[in-house]
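J.: task: produce atomic coordinates for the following.
(one chain, ligands or ions: 1)
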Amino acid sequence: MFNFIMFGPPGSGKGTQSIKIAEKYGLVHISTGDIFRSEIRNKTVLGLKVQSIIEKGELVPDELLVDILRSAMHRYPNPDGFVFDGFPRTLRQANDLDQLMQEEGSAMSLVVALEVHDQEIIGRLLKRAELEGRKDDTEDVIRNRLDIYLGQTKPLIEFYIEQDKFAAVDGVGSVDEIFNSICEIIDQKK
Ligand code: AMP
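T.: Residues are numbered from 1 along each chain as shown. As a prediction, the model looks like this:
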């Protein structure tokens, strides 16, 4: 299996690149943000529980994530691997993910971060708010999400550097340029 984490701040283009990578390499794309948005749309128990958390730009509690991930992964028998998008976001989640991979008899293969500076991110997310009307794309919430990224998620870079699984690419440029840079790294590692 080839298991890949598309890492980066909100608005760095993780979603777009993850879909392209999953398609090119025949991997299963798992976006926890997409899962939550679908649960909210369908007004499920989980959706109702997480709706206000997500609208404030806070993180959904770690305890909920592991079961969601496990059932998302089990929907695909014998996959060639996964592209994780928006997960892990905390150290606890990174450890849980290692554990889940072990349960599957596999391991994380590679983590690639998209590097985008804060001003660019805020501009992109405000534009997305206009286009898609996401409730967590207002300026205050965007700043909160960025702060949470810096405080809780960015430190995971160290976790993956220590495991020798980390690389970064410039996340500013055309979608295809960025995609090609990511593919070069994957092809070296595969
Ligand atoms: P995203 O589409 O990845 O930006 O996720 C949207 C929102 O869903 C985040 O701002 C969080 O509130 C929630 N969320 C998504 N993934 C996670 C995660 N791994 N841990 C905690 N909360 C998450």
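J.: other SSEs contacting the lowest-mean-pLDDT helix or strand in the chain?
T.: Counting by mean pLDDT, DSSP states H and E, the weakest-scoring helix or strand in the chain turns out to be helix 118-132, with a mean of 89. Using 3 or more C-beta pairs under 8 Å, 6 or more residues apart in numbering; DSSP states H and E, the elements in contact with helix 118-132 are helix 139-148. Where C-beta positions appear, they are placed from N, C-alpha and C, glycine not excepted.
J.: for the helix or strand that contains residue 95, name the packing helices and strands.
T.: Secondary structure assignment for residue 95, by DSSP states H and E: helix 91-103. Applying 3+ C-beta pairs under 8 Å, 6+ apart, we find helix 91-103 packed against helix 62-74, helix 156-162.
J.: would you mark the buried spots in it?
T.: Neighbour counts over helix 91-103 (16 or more other C-beta atoms under 10 Å) mark 93-94, 96-97, 100-101 as buried.
J.: per-residue pLDDT of the nearest residue to residue 163 once chain neighbours are set aside, please?
T.: Using C-beta to C-beta, 6 or more residues apart in numbering and skipping residues adjacent in sequence, the residue nearest residue 163 is residue 108, 7.6 Å away. Residue 108 is assigned 97 on the pLDDT scale.
J.: ok, residues contacting stretch 33-42?
T.: 15, 46-48, 50-51, 54, 60, 68, 72, 85-86 (C-beta atoms under 8 Å, 6 or more residues apart in numbering).
J.: flag every residue of the chain that's near the ligand.
T.: Residues of the chain lying close to the ligand (C-beta under 6 Å from any ligand atom) are 10, 32-33, 36, 53-54, 57-60, 65, 86-87, 89, 93, 136, 145.
J.: tell me which residue lies nearest the centroid of this protein.
T.: The residue lying closest to the centre of the chain (C-alpha atoms, centre = their mean) is residue 86, at 1.8 Å.
J.: for the nearest residue to residue 139 once chain neighbours are set aside, give its distance to residue 3.
T.: Counting by C-beta to C-beta, 6+ apart, residue 126 is the residue found nearest to residue 139 once chain neighbours are left out, at 6.5 Å. Distance, residue 126 to residue 3, by C-beta to C-beta, to the nearest Å: 33 Å.
J.: also residue 53?
T.: 27 Å.
J.: those two: which is more packed in?
T.: More neighbours surround residue 3 than the other of residue 53 and residue 3, with 24 against 15 (other C-beta atoms under 10 Å).
J.: residues contacting the more buried one?
T.: The contact partners of residue 3, taken as C-beta under 8 Å, 6+ apart, are 81-82, 84, 101, 106-110.
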